[in-house]
Structure formats: C-alpha cells, structure tokens
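Asks: sequence unknown, structure follows:
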C-alpha cells in the first residue's frame with residue numbers, strides 16, 4: 001500500500017512515543033528492569049495501534065470488508081475508535097491557548113475530556129464556542145474541552161482573534177491546529193463532532209452538538225451515558241465534479257437532456273451544484289441537488305428563501321413542521337421526506353436550465369403547484385434615514401468582499417446588499433426587502449457582526465441607512481395543492 005502524507009505523519013508521531021528519552025534510561029536492578037520493560041512494551045503497543053490502524057482500514061477497504069463505493073454508504077464512525085475502547089496515549093502538538101504547546105492524552109486523566117472537531121467555515125461550530133467556554137468555567141477542573149481543527153495555525157488563530165474581538169470576550173478553550181492524528185482515530189464527516197473521553201481514558205460517547213449541555217456533562221461525570229444519542233456519520237464515495245447519476249452515454253455524446261429523481265441517499269451530503277461541466281471534453285452543464293425536501297426543491301428552482309415562501313399544502317406543511325430534536329438523518333430517509341435530483345443538458349443558459357428544473361418538479365409532483373405572487377408581508381427593510389447621499393459609488397469594478405466579520409461592496413446596487421445579507425440573517429424570522437428607492441450603485445464598508453441587526457444598524461448609520469421592521473409588498477413563492485381544474 002502506498003504511504004500517503006497523512007499516514008507518514010501518524011508514523012512520525014507514533015515513533016516519538018516509542019523512542020522517547022525516558023525509555024532509554026538504563027535500569028539499575030531487576031525490579032527496574034521489569035518496570036522499564038513494561039513501559040517500553042506499553043508504548044510499543046500504542047505505536048502499533050496508531051501506526052497500523054490506517055493500514056488495517058485501508059486493507060479492509062481493498063479486501064471488501066469496508067467499501068466506499070458510489071451509492072454504498074460507509075459508517076465512518078465505525079472505522080475509528082469505538083465507545084468503550086481505550087484511547088491510545090498519543091502525543092499531541094500544536095496546542096494553543098493552553099499551559100503548554102504539547103501534551104499526551106494521559107495528561108487529561110482524571111477529567112472528562114471532550115474533543116470538539118470544528119472548522120472556521122462551520123457556523124454551528126463557531127456558535128458552540130461560547131457554550132463550551134461556559135461549561136468549562138462551570139465544571140472547572142472536572143472537565144476539559146479541547147477544540148481540534150485540521151486547519152493551519154495561520155488560518156484558525158486569526159479567525160478566533162477576530163471572533164473574540166467581535167464578542168468582546170476571551171475564551172479559554174485550548175485549540176489544536178493542523179491536526180491529522182486525532183481525526184484518523186475518530187473519523188467523521190459532519191461538523192461539529194464531539195468525542196467524550198472519560199476520566200479513565202475510555203471513549204464514553206460520540207455525539208453531535210445537541211448533546212453538549214450542563215445536564216449531560218454532569219451525568220457523564222457520574223458515570224451515566226444512557227441519555228447521550230450517538231452520532232453516526234455515513235460517507236458516500238461521491239465526487240462532486242462528476243454527475244450523481246452517471247451514464248457512459250454522457251461522455252459518448254448521445255445525451256441531449258437527462259433528468260433523474262431518486263429517494264434520499266444515506267451518506268450523501270445535502271447540498272447542490274449548478275452549471276458545472278460534466279466532462280472536460282463535452283459542453284454539458286448540470287444541476288445536482290442532494291437530499292432536499294419537496295419544499296427545498298421548489299424553493300431552489302424558484303430562487304426563494306423559506307421566509308419568502310408560503311405553504312398552502314397540508315402535505316408540505318407536515319414536512320416543514322418536523323419536530324425539534326428529531327434525528328434528521330432518519331427523518332430525511334423516511335419515505336417521501338427528501339429526494340435527489342439531477343439535470344444534465346448539452347448546453348443552456350441558467351434561466352433555461354432552471355426552467356427545465358421547474359418543469360421536472362411539476363411533472364414529478366403533479367399534486368402540487370408553485371406560483372409567484374406579490375403579497376404584503378412583514379419584512380426587515382433597508383431604508384434611508386435622510387436625503388443625504390452618502391452611499392453613491394466612487395466608481396470602480398463591481399465587487400463584493402465578505403467574511404464572517406464584515407462586508408465591503410464596491411459599485412453595487414442595493415439589491416446586491418439584500419441578496420448577500422440573506423445568508424448572514426438567515427436565522428432572522430423576517431424576509432429582507434430593499435425600501436431605499438435608491439436607483440444607483442453604492443459603496444459600503446461594514447465591519448461588524450453581520451448576523452446581528454443591532455450591530456449592523458450601528459455600522460449602517462454612517463451611511464444614513466437602517467434595517468427596520470415594516471410591511472412591504474414583495475414577491476412570494478406560494479406552494480399549494482393543485483386543484484382538479486388546474487391539473488386538467
């Protein structure tokens with residue numbers, strides 16, 4: 001088997017466990033010799049586990065014991081250390097915001113150690129930082145949260161510095177950067193991902209963010225894990241650069257249009273791709289939608305958010321009102337709750353492709369119809385607070401620069417700002433609307449928490465702009481049951 005870079009990294013760390021200076025100290029008597037031999041053997045066992053674990057998994061994949069083939073989901077969590085198993089005493093480096101830059105797993109013995117796998121681009125992960133910090137302070141030395149990311153120090157630390165500056169608070173959670181070893185021991189697909197390691201060094205739970213609470217931490221400290229729901233991550237061998245429903249005919253030029261629906265596919269990440277070439281030698285374009293609900297399919301095809309959608313169908317309302325806390329993976333897999341869709345066409349512009357998408361939805365769900373109507377509804381509106389023009393562009397190429405800490409628009413119309421803010425204010429209950437009446441292009445530079453309306457308004461004030469709640473007439477998507485008359 002070819003030795004990949006990540007495998008070599010694990011071997012290097014494992015070897016340092018075996019050939020450490022303390023293991024080379026000569027024994028002075030028989031008792032010391034026995035003790036010294038046991039220590040070497042224990043480290044050697046750890047060395048074997050860490051070094052050959054990836055190879056064992058790789059061999060299992062090749063032999064068929066574990067397969068990661070297209071449309072055949074693999075339980076990633078089952079390929080790593082399991083609940084009830086001892087965690088090897090590995091040597092961890094690149095630790096920040098901690099009393100030292102390195103440590104062993106055994107250094108946390110006597111505490112409940114919770115590994116938090118995260119990334120800067122993962123909004124739920126970032127939102128968990130204050131909660132973990134609060135729990136860390138509440139339980140003190142009984143618990144140790146340890147955040148782990150594959151991202152480099154130069155990427156993760158500046159992000160955390162800006163996050164703390166934005167929140168006006170320092171968080172005490174240690175952070176491991178540039179990780180590969182812990183991720184190999186605890187494989188996962190969905191972030192955030194939490195590993196609960198007991199005071200005895202044994203894996204007690206593998207969970208999602210929903211389980212991180214005062215009650216659950218307290219119960220695990222008392223040896224109770226029955227209420228913790230295990231997180232299982234399935235992975236599917238799917239290459240997003242290729243069609244989901246691949247056909248040899250595509251590359252042989254025999255397809256002008258191909259559209260496919262399928263039920264929920266376990267292990268396939270939810271999301272969509274659009275206008276991506278199918279093959280380098282062909283002009284094909286495609287739309288691929290993975291594991292979306294009926295409502296989400298209609299909204300995507302019509303370019304509308306949930307807040308811009310009115311459901312007047314009892315069946316679709318039932319799907320939208322899924323109970324909080326429900327296992328979404330199981331719920332999506334239930335009959336009729338989620339679908340995959342793919343459209344492959346020889347060549348077409350975006351407008352034509354999405355028109356075909358809408359036609360396919362009408363044919364596949366004949367009991368439903370989706371129409372766009374102007375309706376007066378409560379909105380979060382961008383308005384001008386004076387007649388002073390402080391937003392007129394100074395010129396330049398239209399550009400948008402966004403981060404989680406700010407937004408800069410150059411030579412853009414107000415509708416561009418509204419469109420961008422739909423992402424940052426996705427948790428706000430009201431749809432966004434442009435009520436400025438401003439006809440020209442504008443420049444804006446907002447350095448603030450874009451998800452907080454109060455902070456946004458403070459930044460907008462210098463441009464005599466403000467976000468206010470008011471009634472406005474906007475275009476809404478109406479999904480309703482198709483009448484017998486309209487279906488004829």
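Replies: All right, it came through fine. Owing to the predicted nature of the structure, the values given are computational and were not obtained by experimental measurement.

Asks: any chance you could read off phi and psi for residue 415?
Replies: phi -60, psi -30 (degrees, to the nearest 10).

Asks: Which positions in stretch 300-312 come out as buried?
Replies: Buried residues in stretch 300-312, defined by neighbour count with 16 or more other Cβ atoms under 10 Å: 300, 301, 302, 304, 307, 308, 309, 311. In short, each C-beta sits where N, CA and C put it, glycine included.

Asks: Could you list the residues in contact with it?
Replies: The contact list for stretch 300-312 (Cβ atoms under 8 Å, 6 or more residues apart in numbering) reads 272, 289, 292, 295, 298-299, 317, 320, 354, 357-358, 361, 370, 372, 375, 422, 426, 428-431, 474-481.

Asks: Tell me which two in the buried residues of stretch 300-312 are the farthest apart.
Replies: Spatial extent of these (Cβ to Cβ) is set by the pair 301 and 307 at 17.1 Å.

Asks: which sections of this structure are below the confidence cut-off?
Replies: 1-72, 247-254, 278-283, 318, 320-328, 335, 348, 484-488 (pLDDT under 70).

Asks: Where do the domain boundaries of it fall?
Replies: For the chain, automatic domain parsing gives the domain ranges 1-66, 72-234, 248-365, 375-475.

Asks: that older thread, let's have the buried residues of stretch 300-312 in JSON lines, adding secondary structure and distance to residue 409.
Replies: Output for the buried residues of stretch 300-312, formatted as JSON lines (DSSP: H, G, I helix; E, B strand; the rest coil; distance: Cβ to Cβ, whole Å):
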{"residue": "300", "secondary structure": "helix", "distance to residue 409": "25"}
{"residue": "301", "secondary structure": "helix", "distance to residue 409": "28"}
{"residue": "302", "secondary structure": "helix", "distance to residue 409": "26"}
{"residue": "304", "secondary structure": "coil", "distance to residue 409": "23"}
{"residue": "307", "secondary structure": "helix", "distance to residue 409": "22"}
{"residue": "308", "secondary structure": "helix", "distance to residue 409": "22"}
{"residue": "309", "secondary structure": "strand", "distance to residue 409": "27"}
{"residue": "311", "secondary structure": "strand", "distance to residue 409": "33"}
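
Asks: Out of the contacts of stretch 300-312, which sit inside helices?
Replies: 295, 298, 299, 317, 320, 354, 357, 358, 361, 422 (DSSP state H).

Asks: For stretch 359-369, list every residue counted as buried.
Replies: Result for stretch 359-369 [16+ other Cβ under 10 Å]: buried residues 360, 361, 365, 368, 369.

Asks: List the contacts of the last one.
Replies: For residue 369, the contact set (Cβ under 8 Å, 6+ apart) comprises 362, 479, 480, 481, 482, 486.

Asks: What separation do you get for the closest residue to residue 131 other than its chain neighbours and residue 132?
Replies: In space, residue 131 comes closest to residue 212 once its chain neighbours are excluded; the distance is 6.4 Å by Cβ to Cβ, 6 or more residues apart in numbering. To residue 132, residue 212 is 7 Å away according to Cβ to Cβ, to the nearest Å.

Asks: shared neighbours of the two, anything?
Replies: In contact with both residue 212 and residue 132: residue 114, using Cβ under 8 Å, 6+ apart.

Asks: These two: who's more crowded?
Replies: Neighbours were counted for residue 212 and for residue 132 using other Cβ atoms under 10 Å; residue 132 has more, 23 against 19.

Asks: Surely the more buried one is within a helix?
Replies: Yes - under DSSP: H, G, I helix; E, B strand; the rest coil, residue 132 falls within a helix.

Asks: pretty sure it is touching residue 116, no?
Replies: Yes - the criterion here is Cβ atoms under 8 Å, and residue 132 meets it with residue 116 at 6.3 Å.

Asks: Which residues are in contact with each of those two?
Replies: Joint contacts of residue 132 and residue 116 (Cβ under 8 Å, 6+ apart) are 145, 147, 173.

Asks: Reformat those residues as TSV; add distance to residue 262 and secondary structure.
Replies: Putting the shared contacts of residue 132 and residue 116 into TSV (distance: Cβ to Cβ, whole Å; DSSP: H, G, I helix; E, B strand; the rest coil) gives the following:
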residue	distance to residue 262	secondary structure
145	40	strand
147	37	strand
173	41	coil
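
Asks: so which of the residues you listed comes closest to residue 344?
Replies: Of the shared contacts of residue 132 and residue 116, the one sitting nearest to residue 344 (Cβ to Cβ) turns out to be residue 147, at 41.1 Å.

Asks: Looks like that closest one contacts residue 175 (just checking).
Replies: Yes - assessed by Cβ under 8 Å, residue 147 is found in contact with residue 175 at 4.6 Å.

Asks: quick one on the thing from earlier: export the domains of the chain to TSV and tack on distance to residue 240?
Replies: Compiled in TSV, these are given as follows (distance: least, Cβ to Cβ, whole Å):
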stretch	distance to residue 240
domain 1-66	21
domain 72-234	14
domain 248-365	6
domain 375-475	20
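
Asks: where along the stretch 201-350 of the chain do the strands fall?
Replies: 203-207, 234-235, 257-263, 271-274, 285-292, 309-312, 339-345 (DSSP state E, counting those that start in this stretch).

Asks: Just put those strands in CSV and tack on distance to residue 441.
Replies: As requested, the strands of the stretch 201-350 of the chain are arranged in CSV below (distance: least, Cβ to Cβ, whole Å):
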stretch, distance to residue 441
strand 203-207, 48
strand 234-235, 45
strand 257-263, 38
strand 271-274, 27
strand 285-292, 30
strand 309-312, 30
strand 339-345, 34
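
Asks: Among those, which comes closest to residue 458?
Replies: strand 309-312 (30.8 Å).

Asks: partners of the closest one, with directions?
Replies: strand 465-481 (parallel) (DSSP bridges).

Asks: Pull out the buried positions in the partner strand.
Replies: In strand 465-481, counting by 16+ other Cβ under 10 Å, buried: 465, 466, 467, 472, 474, 476, 477, 478, 479, 480.

Asks: same check, this time on stretch 444-458
Replies: Buried, per 16+ other Cβ under 10 Å, within stretch 444-458: 444, 446, 448, 449, 450, 451, 453, 456.

Asks: Nearest spatial neighbour of residue 360, chain-adjacent residues omitted?
Replies: residue 259 (5.0 Å).

Asks: quick one: contacts for the one you found?
Replies: So residue 259 contacts 341, 342, 343, 344, 356, 360 (Cβ under 8 Å, 6+ apart).

Asks: what pairs with it across the strands?
Replies: Those that pair with residue 259 in a beta bridge, by DSSP bridges, are residue 343.

Asks: give the contact list for residue 110.
Replies: Contacts of residue 110 (Cβ under 8 Å, 6+ apart): residue 199.

Asks: how about a cut-off of 10 Å?
Replies: 141, 142, 144, 198, 199, 200, 201 (Cβ atoms under 10 Å, 6 or more residues apart in numbering).

Asks: Restricted to strands, list the residues you listed.
Replies: Those of the contacts of residue 110 mapping onto strands are residue 144, per DSSP state E.

Asks: Show the buried residues in the contacts of residue 110.
Replies: When these are checked for burial by 16+ other Cβ under 10 Å, the buried set is 144, 198, 199, 201.

Asks: which ones are touching the spatially closest residue to the second one that is not a sequence neighbour?
Replies: The shortest distance from residue 198 to any residue that is not its chain neighbour, by Cβ to Cβ, 6+ apart, is 4.6 Å, and that residue is residue 204. Contacts for residue 204 (Cβ under 10 Å, 6+ apart) come out as 83-84, 112-114, 195-198, 220, 223-225, 228.
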